[in-house]
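here is a sequence together with a model predicted from it:
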Amino acid sequence: MKSRPLVYHLVDVFTDQPFGGNQLAVFPEDGEVPEEWMQKIARELNLSETTFVTTPQEPGADFRVRIFTPTREIPMAGHPSVGTAYVLTRLGKIASANPARVVFEEGVGPIPMEICFQDGEPSAIFMDQPRPNFGSAFEDRGAIADMLSLDLEDITPGLPLQAVSCGLPFLLVPLRRLEAVQKIKLKNDRLEALLGEFAAPNVLAFSLETQHPQSTVHCRVFAPLYGVQEDPATGSANGPLGAYLVHHRLVEKEGVVHIRSEQGMEMGRPSFLDIEIYTQGNKIDRVRIGGTCVYMGSGKLTPPT
């Protein structure tokens with residue numbers, strides 16, 4: 001007997017234009033994909049991430065979302081959460097209240113999602129992320145500059161190269177100019193040697209100079225140790241970025257801080273992520289990231305018998 005084809009949906013996340021943002025494949029049907037195939041399918045599709053929707057195991061969760069890069073399962077991620085919510089809403093699996101709210105069960109615990117609608121269609125989708133953890137600073141600034149094929153002078157003085165996590169750790173690298181971010185050429189062997197055992201094996205480099213006037217910050221994200229050489233839109237990195245900008249007073253700190261991040265320009269996949277940082281006094285109480293999606297179509301994968 002032939003195996004039944006597995007249906008997946010392809011969506012571009014953090015963009016309102018086809019062929020922008022970050023691609024995502026979503027397998028929405030619980031029980032269709034055996035667990036032992038999930039990593040193999042993610043490697044076969046070779047996107048930054050692929051998600052599989054299953055029955056939640058934790059009370060209060062509406063869906064369990066498992067997230068795979070081509071080489072590993074990861075405990076949470078931004079564009080897979082936003083894109084999966086978009087696909088489930090389009091399929092009628094999430095009620096179209098405005099806004100609709102559901103909870104995803106991910107490896108870091110419950111992730112609240114909010115889906116806003118315009119003309120009956122899902123528009124902006126936001127996810128809450130765990131509160132930020134500000135970790136170790138990487139002291140050898142020259143080594144990081146060399147890893148990025150930059151000069152030491154390209155790194156902004158007076159700001160730390162710091163590991164920050166809102167569920168997934170990233171090394172935040174502040175650069176003086178937009179031009180420095182654009183000319184990065186990552187040396188994979190140096191990254192593995194420097195960061196393989198560090199608190200944050202993934203890198204986000206940013207500048208407060210931007211290509212688009214509506215943006216607050218321009219960034220690039222590299223995660224080769226997770227099987228992603230460069231990512232065009234990374235929600236799990238932009239939550240920490242927003243927290244870093246607020247914590248180090250690079251943006252206005254009072255109340256709800258709205259930040260727009262641009263990413264993916266150097267890859268030909270322009271992406272825009274909206275970051276909201278909620279503060280009370282000197283404390284960050286809440287981190288949200290969100291954006292829009294474009295539905296690109298569906299496909300069928302026929303597994304081996």
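On my side now, so go ahead.

which strands and helices lie in contact with the host helix or strand of residue 136?
Secondary structure assignment for residue 136, by DSSP states H and E: strand 133-137. Contacts defined by 3 or more C-beta pairs under 8 Å, 6 or more residues apart in numbering; DSSP states H and E place strand 133-137 against strand 162-165, helix 235-247. Placement of C-beta: from N, CA and C, glycine included.

give me the below-cutoff pLDDT ranges for the stretch 1-150 of the chain.
1-3 (pLDDT under 70).

in the next helix-or-strand element following the strand holding residue 136, what's buried?
Sequence-wise, the next helix or strand downstream of strand 133-137 (DSSP H and E) is helix 141-147. By neighbour count on 16 or more other C-beta atoms under 10 Å, the buried set for helix 141-147 is 143, 144, 145, 147.

list the contacts of helix 141-147.
138, 151-152, 154-155, 161, 171, 173, 186-187, 190-191, 194 (C-beta atoms under 8 Å, 6 or more residues apart in numbering).

which ones among the residues you listed are found in strands?
Counted as lying in strands by DSSP state E, out of the contacts of helix 141-147, are 171, 173.

so which of the helices and strands packed on strand 133-137 is the most surrounded?
Burial of the helices and strands packed on strand 133-137 is given as mean neighbour count (mean count of other C-beta atoms under 10 Å); helix 235-247 ranks first at a mean of 28.

tell me what the helix or strand just after it is packed against?
Following helix 235-247 in sequence order, the next helix or strand is strand 256-263 (DSSP H and E). Counting contacts by 3+ C-beta pairs under 8 Å, 6+ apart, strand 256-263 packs against strand 217-223, helix 235-247, strand 271-280.

residue 10 and residue 300 touch, don't they?
No. Under the criterion of C-beta atoms under 8 Å, residue 10 is not in contact with residue 300, lying 11.7 Å apart.

of the two, give the one with the bigger neighbour count.
residue 10 (18 against 9; other C-beta atoms under 10 Å).

assumed that one was part of a helix.
No. Looking at residue 10 with DSSP: H, G, I helix; E, B strand; the rest coil, it is strand, so not inside a helix.

and the residue lying closest to it once chain neighbours are set aside, what element?
Leaving out its chain neighbours, the residue that sits closest to residue 10 by C-beta to C-beta, 6 or more residues apart in numbering is residue 296, at 4.4 Å. Applying DSSP H and E as the criterion places residue 296 in strand 293-301.

taking the mean pLDDT, what do you get for that strand?
Across strand 293-301, pLDDT averages out at 96.

and that strand, how far from the chain's centre?
Here the centre of strand 293-301 is set off from its chain's centre by 19 Å, with C-alpha atoms, centre = their mean, to the nearest Å.

go through that strand and flag the buried ones.
293, 294, 295, 296, 301.

that's all I had, so thanks and see you.
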